[in-house]
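Participant: Generate coordinates for the sequence data below:
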Amino acid sequence: MGRVLYVSLVGAAPTATYLNARDQWLTEQFLAGTGIRHTVLRAGFYTATPAALVNEKLVVSGPATTGPAAFVTHEDIADVITAVALEDGPRSEHDGATLEITGPEALTLDEAVTRIAAATG
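Facilitator: Got it, this is the predicted structure:
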């Protein structure tokens, strides 16, 4: 029996200020209403995102204010997806569940960029 493992966003909600998180929430609701076996995996802010948001003057601008986020690597997300996908049996404790995948520490975007700069020079 197949199932859908859907990667969404932490904070997905109908009133999320980040518009993509609203779309993610709508997809989660659609899945829940289909009766299809599924697990929603809500990923935190990707560790690769700050580097992708930097401009030619090395200024990072992104969808964040001063609040912290628990950054997560794509590898960590893949590990969780793999663990859920490899569960044996026709049913899983994760069927219909929403799992949040976040990093070990909440950092502001400024703190994350400072650490990236220190690590990369």
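
Participant: biggest helix in the chain by residues?
Facilitator: helix 19-34 (DSSP state H).

Participant: contacts for the helix or strand that comes right after that helix?
Facilitator: Using DSSP states H and E, the helix or strand that follows helix 19-34 in sequence is strand 38-43. For strand 38-43, the surrounding residues in contact (CB atoms under 8 Å, 6 or more residues apart in numbering) are 3-12, 24, 28, 31-32, 72, 77, 80-81, 84, 92, 94-102. Quick note: C-beta positions are derived from backbone N, CA and C, even for glycine.

Participant: sorry, back to before: the longest helix of the chain: which residues count as buried?
Facilitator: 21-22, 24-25, 28, 31 (16 or more other CB atoms under 10 Å).

Participant: which other residues reach the helix or strand bottoming out on mean pLDDT in the chain?
Facilitator: None of the helices or strands of the chain scores lower by mean pLDDT, DSSP states H and E than helix 49-52, at a mean of 78. For helix 49-52, the external contacting residues (CB under 8 Å, 6+ apart) are 60, 62, 71, 109, 112-113, 116.

Participant: On the secondary structure side, give me the element for Asp76.
Facilitator: helix 74-85.

Participant: and the angle for that helix with strand 38-43?
Facilitator: Here helix 74-85 points in a direction 160 degrees away from that of strand 38-43 (axes from the mean of the first three to the mean of the last three CA atoms, to 10 degrees).

Participant: can you start the count at 511 instead of 1 from here on
Facilitator: Understood, numbering begins at 511; the last thing we discussed is helix 584-595.

Participant: For helix 584-595, name the packing helices and strands.
Facilitator: strand 514-519, strand 548-553, strand 608-611 (3 or more CB pairs under 8 Å, 6 or more residues apart in numbering; DSSP states H and E).

Participant: and the shortest one, C-alpha only, in CSV?
Facilitator: Spelled out, it's strand 608-611. In CSV, the C-alpha atoms belonging to strand 608-611 read as follows (Å, rounded to 0.1, in the frame of the first residue of the first chain):
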residue,chain,number,x,y,z
THR,A,608,2.3,16.0,11.3
LEU,A,609,5.9,15.9,12.3
GLU,A,610,8.0,19.0,12.7
ILE,A,611,11.7,18.7,11.7
